[in-house]
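[1] got a predicted structure plus its sequence, pasted below:
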Amino acid sequence: MYKKSNLIERPKPLTLSEFHKKRNSICLWHEMGGLGDVLMHRMLFENIKNLDNSLHVTFACLPEYMDVAKDHPYIDCVVDSKKLNANDFGMVYNTCVTIADRYENSIAPFCKEHRSDLWAKVCGMELSNHEMHFNFDEKILNKCRTKLKELSKNPDKPIIIFSPISKMATKSLLPHQIQAVFEATKEVNLIGIHKTDIQELKKLNVPVLNNIEIKEWMCYVAAADYVISVDSAVFHMAGGLKKPLVGIFTFADGKIYGKYFDFILVQKHRDNGNWDCGPCFKFCNCPKSTKIQKPCLTEITAEEIKNGISLMFKKW
């Protein structure tokens, strides 16, 4: 006799009413990943609805990111991934960041696929477009516009939202690189954005938006005229909004992360002929340095940053 614990328990058959309720109910489950990954997920949902408009689409993500997806017109429900009950759906698709990480680490430096396309393949489809479909609360948006004007030293000049800090130290700009951005934007209004204050910008007397709710964070990026960002959620937000944009990248491939954006890339990149080992996605096993801040960050020059910003102003 086998013990009950050694037997594979077969799922109970659904009743007709249960089948009818769940048959068109699907969930994309994103439990692991950052805010930028949630923004990239927004590229999937219109394509899903276009496959079958009768589908009831739920997106599950970390509770702190739920408000980033709730305004999407092709999502029926956004839930806390930590409280997800898979039995509530006909199908749950795992679109956690680990799927993209495995691809990027194994294929680098020759990655071709954007993360949204990788997640789409998990769902058994290909994306025909990559629109994020933002819908902002006009009251919040107007409030943010007013605040940006108040912070502007030159009210008649464009406003640039600047995101120099990432969760990862090897993506965050160094003091001399922040100084380069400051010098290249003296004729306009530079305003920083981050979870907390940015000391290097405070030293330069540049205002910083911090300790803001996520809906306001989205609206501040939407209200800006230009955006300069490292590889962070601000980059993906600005790209999805089609903002004039400079993206400053280190080990991750900016050409792939920004594949569906029109932007100016500043990066030590193999395609430029000035970088022999990257982008690599392998910052933990860097062949050039054991320090936290890798050469792909430290060797980005002030001149390269200034040139990228100049190209943005010329293009837009």
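    Nice, thanks for sending it over. Numbers count the residues shown, from 1 in each chain.
[2] any chance you could read off phi and psi for the closest residue to residue 148 other than its chain neighbours?
    Take residue 148 and drop its neighbours on the chain: the residue closest to it by C-beta to C-beta, 6 or more residues apart in numbering is residue 159, 5.2 Å away. For every residue, glycine as well, the C-beta is placed using N, CA and C. Residue 159 adopts backbone torsions of phi -110, psi 130, taken as degrees, to the nearest 10.
[3] distance of residue 200 relative to residue 172?
    10 Å (C-beta to C-beta, to the nearest Å).
[4] hey, what's in contact with both of these two?
    residue 164 (C-beta atoms under 8 Å, 6 or more residues apart in numbering).
[5] neighbour count: those two, which is higher?
    Ranked by neighbour count (other C-beta atoms under 10 Å), residue 200 and residue 172 place residue 172 first, with 22 against 19.
[6] where exactly do the helices run in the stretch 101-250 of the chain?
    115-122, 138-151, 175-184, 199-203, 214-223, 233-240 (DSSP state H, counting those that start in this stretch).
[7] just name the most buried of the ones you listed.
    Across the helices of the stretch 101-250 of the chain, averaging neighbours per residue (mean count of other C-beta atoms under 10 Å) puts helix 233-240 on top, at a mean of 26.
[8] hmm, who's touching that helix?
    Contacts of helix 233-240 (C-beta under 8 Å, 6+ apart): 34-36, 39-40, 42-43, 131-132, 134, 161, 163, 193, 218, 221, 224, 227, 229, 245, 247, 257-258, 260-261, 263.
[9] again, only using 6 Å
    The contact list for helix 233-240 (C-beta atoms under 6 Å, 6 or more residues apart in numbering) reads 35-36, 39, 132, 163, 221, 227, 229, 245, 247, 258, 261.
[10] for residue 44, give its distance to residue 253.
    Taking C-beta to C-beta, one finds residue 44 at 21 Å from residue 253.
[11] next, report how far stretch 284-297 is displaced from the centre of its chain.
    23 Å (C-alpha atoms, centre = their mean, to the nearest Å).
[12] how about the contacts made by the residue nearest the centre of the chain?
    By C-alpha atoms, centre = their mean, the chain has its centre lying nearest to residue 36, at 2.1 Å. Residue 36 makes contacts with 233, 236, as judged by C-beta under 6 Å, 6+ apart.
[13] 8 Å instead, please
    231-233, 235-236.
[14] if we can go back for a sec, okay, the helices of the stretch 101-250 of the chain in JSON lines with distance to residue 95 and mean pLDDT next?
    Shown next, in JSON lines, are the helices of the stretch 101-250 of the chain (distance: least, C-beta to C-beta, whole Å; pLDDT from 0 to 100):
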{"stretch": "helix 115-122", "distance to residue 95": "4", "mean pLDDT": "95"}
{"stretch": "helix 138-151", "distance to residue 95": "28", "mean pLDDT": "97"}
{"stretch": "helix 175-184", "distance to residue 95": "33", "mean pLDDT": "98"}
{"stretch": "helix 199-203", "distance to residue 95": "35", "mean pLDDT": "96"}
{"stretch": "helix 214-223", "distance to residue 95": "20", "mean pLDDT": "98"}
{"stretch": "helix 233-240", "distance to residue 95": "15", "mean pLDDT": "98"}
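[15] using PDB, list the CA coordinates for the lowest-mean-pLDDT helix or strand in the chain.
    Lowest by mean pLDDT, DSSP states H and E among the helices and strands of the chain is helix 16-22, with a mean of 72. Taking Å, rounded to 0.1, in the frame of the first residue of the first chain, the C-alpha atoms of helix 16-22 are listed here in PDB:
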ATOM      1  CA  LEU A  16     -20.400  23.100 -15.400                       C
ATOM      2  CA  SER A  17     -21.000  26.400 -13.500                       C
ATOM      3  CA  GLU A  18     -17.300  26.500 -12.300                       C
ATOM      4  CA  PHE A  19     -16.100  25.800 -15.800                       C
ATOM      5  CA  HIS A  20     -18.400  28.500 -17.200                       C
ATOM      6  CA  LYS A  21     -17.100  31.000 -14.600                       C
ATOM      7  CA  LYS A  22     -13.400  30.200 -15.100                       C
END
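[16] relative to the helix or strand following that helix, what are the paired strands and their orientations?
    Per DSSP states H and E, helix 16-22 leads on to strand 25-29 as the next helix or strand towards the C-terminus. Next to strand 25-29 in the sheet, as set by DSSP bridges, lie strand 56-61 (parallel), strand 91-94 (parallel).
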